[in-house]
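Chemist: Fold the stuff below for me.
(one chain, ligands or ions: 1)
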Amino acid sequence: MPVLGWVKGIRWKRTVSMKVPLCLLFLMIGFFPMYILSKVTDQSFRQTQIDFRVMEVQNQCLIISNKMSRVGYMNEDSRDQTVDVELDTIADIFNGRIVVVNRNFKVIKDTFRLAEGRTHVAEEVIRCFQGESGSRLEKDKHYFALAVPVYGNTEEKNIEGVLVATASTENLTSMAEKVSEKAAFFQLVTCGILALASVVLAVVTVQPFVRLKKILGRVEEGSLEQVILEDAYKETKEISSAIQNTIHKLKTIDQSRDEFVSNVSHELKTPITSIRVLADSLMSMEDAPVELYQEFMTDISDEIDRESKIIDDLLSLVKMDKAVEELNIVQLDINGLVQQIMKRLRPIARKRNVELIYESIREVTADVDEVKLSLAVNNLVENAIKYNVENGWVRVTLDADHQFFYVKVADSGIGIPEEYQSHVFERFYRVDKARSRETGGTGLGLAITRKVILMHHGAVRLVSKDGEGSTFTIRIPLNYISRPAERTS
Ligand code: ADP
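Modeler: Below is the predicted model:
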């Protein structure tokens, strides 16, 4: 996986193992919820502690305020000294301060004895006189204050005074801090375990890919028969089957290339062997007559022609195989082209007593490569003559619709048995080797024809019955549209 970064303005690219992002991902998945949980727990722990302390102080204050109401504490004449002692004790217990304020906001009791006689007008006091008791937390100053009403001991139950208790929250904070510290240590340990677990998980997750890589390593070393299958994940299974298919295709290509090379060698060797035999027999003969020399030399010359035809055909095929090979497309009168081919082949047809019939259903003009298409049609008509019977016929029909033109080459010849029909377009494939050889065939004609037609984005169809003749029909678009050619070999 490429990782991009910037170091002093220079862009760098590095490939890192898949384990790294996986490891980080697992770490993040584990760490973030843990971090949030610890923050929330810490916060609520602190709040609960404070709420608990406020409640505790409030309860104490309510108890004492009830007592103060009962004994009429707010009445200056009947103030009970024992209540003062109780107030001091309670303030000491929760380590705070209690101030009692009367209706004139005057402090009548301060457990710190600092504000007695002074005026105390605080928000919570005013609110308490209005009937709303409550507490106020000063987080920054680490204390809270709460106010509790003190009622008079008359029937009306008027609020005669307010009891204000303030207490520090500092000890609570420091306790929470200690708990936090312990939690942080626990988090640190958990993080360590998490990191370790992430690494292990990342390694385990990547394992199927590692296994696949190992198998591919063996394939790379040449063991092509290796079964490539890693089905731990759907993805690795798909990759395995894609690689297996690719290797199968490569093996097929390799096989067909070997076959082709062996065919080429064989085909090229055959005329040379004949030449050698002819030359050797001539050389071994003493006083051979001139006629015999002439006859042998003619045979040698025929074999040379055959050899050069094979080489020419091979070269045209190889040239067409190259992806860069382009068609020289021109707008052409197809009727003229077909007629020209037939004119050229008429002497051979005549020699074999085969009637050549041309039928043009309509005038056709199309975008084609003249040389290549001419070669393709020529091969079909020539085959129809070559593989015909005595006094047979060949009918070439040209037709078109709004999209394609069609050249149909039908003959009254020997036909092609059904089992061979799918093979005749293969290189060097011949149904009857002897006949092909006798007629000067190379076994490459139909392969060239098919290639040319496919290059024109057309198609070729064969209908034949053994002993009853064959019909080859080619279909080519009238307008050539350039697009990547299909694999045609
Ligand atoms: P060749 O050079 O041998 O003619 P082709 O590739 O042109 O090679 O044809 C392959 C084989 O297909 C031929 O050897 C022949 O057996 C068969 N074939 C081709 N055209 C015809 C046809 N019109 N009638 C019968 N057989 C044919």
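
Chemist: Neighbours of Ile300, how many?
Modeler: 18 (other Cβ atoms under 10 Å). From N, CA and C alone the C-beta is placed, and that goes for glycine too.

Chemist: could you measure it against the ligand, distance?
Modeler: 21 Å (Cβ to the nearest ligand atom, to the nearest Å).

Chemist: in the chain, which spans are helices?
Modeler: According to DSSP state H, the chain carries its helices in the segments 19-71, 81-93, 123-129, 170-220, 234-284, 290-321, 334-351, 370-386, 418-421, 433-438, 445-455.

Chemist: Dump these into TSV; add distance to Arg475 and mean pLDDT as well.
Modeler: Below are the helices of the chain laid out as TSV (distance: least, Cβ to Cβ, whole Å; pLDDT from 0 to 100):
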stretch	distance to Arg475	mean pLDDT
helix 19-71	54	90
helix 81-93	107	90
helix 123-129	98	88
helix 170-220	42	89
helix 234-284	26	89
helix 290-321	19	89
helix 334-351	12	95
helix 370-386	12	95
helix 418-421	18	93
helix 433-438	26	76
helix 445-455	8	94
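
Chemist: Quick one: closest of these to Glu363.
Modeler: Glu363 sits nearest to helix 334-351 of all these, at 6.0 Å, using Cβ to Cβ.

Chemist: elements contacting the closest one?
Modeler: The helices and strands touching helix 334-351, judged by 3 or more Cβ pairs under 8 Å, 6 or more residues apart in numbering; DSSP states H and E, are strand 355-360, strand 365-369, helix 370-386, strand 393-400, strand 404-411.

Chemist: is any part of the first one close to the ligand?
Modeler: No. When contact is scored as Cβ under 6 Å from any ligand atom, no part of strand 355-360 falls within range of the ligand; the minimum is 13.4 Å.

Chemist: Could you list the paired strands of that strand along with their orientation?
Modeler: If you go by DSSP bridges, strand 355-360 pairs up with strand 393-400 (parallel).

Chemist: Could you give the separation of the partner strand from the chain centroid?
Modeler: Between the centre of strand 393-400 and the centre of its chain there are 51 Å (Cα atoms, centre = their mean, to the nearest Å).

Chemist: Could I have the CA atoms of stretch 221-232 written out in PDB?
Modeler: What follows is stretch 221-232, C-alpha atoms only, in PDB (Å, rounded to 0.1, in the frame of the first residue of the first chain):
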ATOM      1  CA  GLU A 221       9.700 -20.700  -9.400                       C
ATOM      2  CA  GLY A 222       8.100 -22.600 -12.300                       C
ATOM      3  CA  SER A 223       5.600 -25.000 -10.700                       C
ATOM      4  CA  LEU A 224       2.700 -24.100 -13.000                       C
ATOM      5  CA  GLU A 225       0.800 -27.200 -12.000                       C
ATOM      6  CA  GLN A 226       0.400 -25.800  -8.500                       C
ATOM      7  CA  VAL A 227      -3.300 -25.600  -7.400                       C
ATOM      8  CA  ILE A 228      -3.900 -22.000  -6.500                       C
ATOM      9  CA  LEU A 229      -6.700 -21.900  -3.900                       C
ATOM     10  CA  GLU A 230      -6.900 -19.800  -0.700                       C
ATOM     11  CA  ASP A 231     -10.500 -19.700   0.300                       C
ATOM     12  CA  ALA A 232     -10.200 -18.100   3.800                       C
END
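
Chemist: Buried residues, that stretch. List them.
Modeler: Within stretch 221-232, the residues that count as buried by 16 or more other Cβ atoms under 10 Å are 226, 228, 230.

Chemist: need the helices of the chain in JSON lines with distance to Asn328, can you?
Modeler: Compiled in JSON lines, the helices of the chain are given as follows (distance: least, Cβ to Cβ, whole Å):
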{"stretch": "helix 19-71", "distance to Asn328": "53"}
{"stretch": "helix 81-93", "distance to Asn328": "109"}
{"stretch": "helix 123-129", "distance to Asn328": "99"}
{"stretch": "helix 170-220", "distance to Asn328": "42"}
{"stretch": "helix 234-284", "distance to Asn328": "27"}
{"stretch": "helix 290-321", "distance to Asn328": "13"}
{"stretch": "helix 334-351", "distance to Asn328": "14"}
{"stretch": "helix 370-386", "distance to Asn328": "7"}
{"stretch": "helix 418-421", "distance to Asn328": "32"}
{"stretch": "helix 433-438", "distance to Asn328": "30"}
{"stretch": "helix 445-455", "distance to Asn328": "11"}
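
Chemist: which bits of the chain sit near the ligand?
Modeler: Contact residues, the chain versus the ligand (Cβ under 6 Å from any ligand atom): 379, 383-384, 387, 411, 413-416, 424, 429-432, 436, 441-447, 470.

Chemist: are any of those residues buried, and which?
Modeler: Taking 16+ other Cβ under 10 Å as the criterion, what is buried in the residues of the chain next to the ligand is 379, 383-384, 387, 411, 413-416, 424, 429-431, 436, 441-447, 470.

Chemist: for the buried residues of stretch 221-232, which one is nearest Leu332?
Modeler: Comparing the buried residues of stretch 221-232 against Leu332 with Cβ to Cβ picks out Ile228 as the nearest, at 49.8 Å.

Chemist: Give me the distance between that closest one and Asn245.
Modeler: 10 Å (Cβ to Cβ, to the nearest Å).

Chemist: Mind telling me which residue of the stretch 201-350 of the chain is nearest the ligand?
Modeler: Across the stretch 201-350 of the chain, the shortest distance to the ligand (Cβ to the nearest ligand atom) belongs to Asp313, at 8.1 Å.

Chemist: For that residue, which non-adjacent residue is spatially closest?
Modeler: Leu444 (4.0 Å; Cβ to Cβ, 6 or more residues apart in numbering).

Chemist: Could you verify my assumption that that neighbour touches Phe425?
Modeler: No. Leu444 lies out of contact with Phe425 (Cβ atoms under 8 Å); the separation is 10.4 Å.

Chemist: Let me see the contact set for Pro33.
Modeler: Residues near Pro33 by Cβ atoms under 8 Å, 6 or more residues apart in numbering: none.

Chemist: meant to ask about Ala459
Modeler: With contact set as Cβ under 8 Å, 6+ apart, Ala459 has these partners: 453, 474-475.

Chemist: In TSV, list these along with neighbour count.
Modeler: Output for the contacts of Ala459, formatted as TSV (neighbours: other Cβ atoms under 10 Å):
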residue	neighbour count
Ile453	22
Ile474	23
Arg475	20
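
Chemist: What is the neighbour count of the closest residue in space to Leu327 that isn't next to it in sequence?
Modeler: Take Leu327 and drop its neighbours on the chain: the residue closest to it by Cβ to Cβ, 6+ apart is Asp369, 4.1 Å away. Look at Asp369: counted by other Cβ under 10 Å, it has 19 neighbours.

Chemist: any idea how far Asp369 lies from Leu315?
Modeler: As judged by Cβ to Cβ, Asp369 and Leu315 stand 17 Å apart.

Chemist: what's the answer for Ile243, then?
Modeler: Taking Cβ to Cβ as the criterion, Ile243 is separated from Leu315 by 35 Å.

Chemist: Neighbour count: the two, which is higher?
Modeler: Neighbours around Ile243 and Leu315, counted as other Cβ under 10 Å, are more numerous at Ile243. The numbers are 17 against 10.

Chemist: if we can go back for a sec, can you read off the pLDDT for the residue nearest to Asp313?
Modeler: Listed pLDDT for Leu444 reads 91.

Chemist: Which residues are in contact with it?
Modeler: Leu444 is in contact with 310, 313-314, 317, 427-428, counting by Cβ under 8 Å, 6+ apart.
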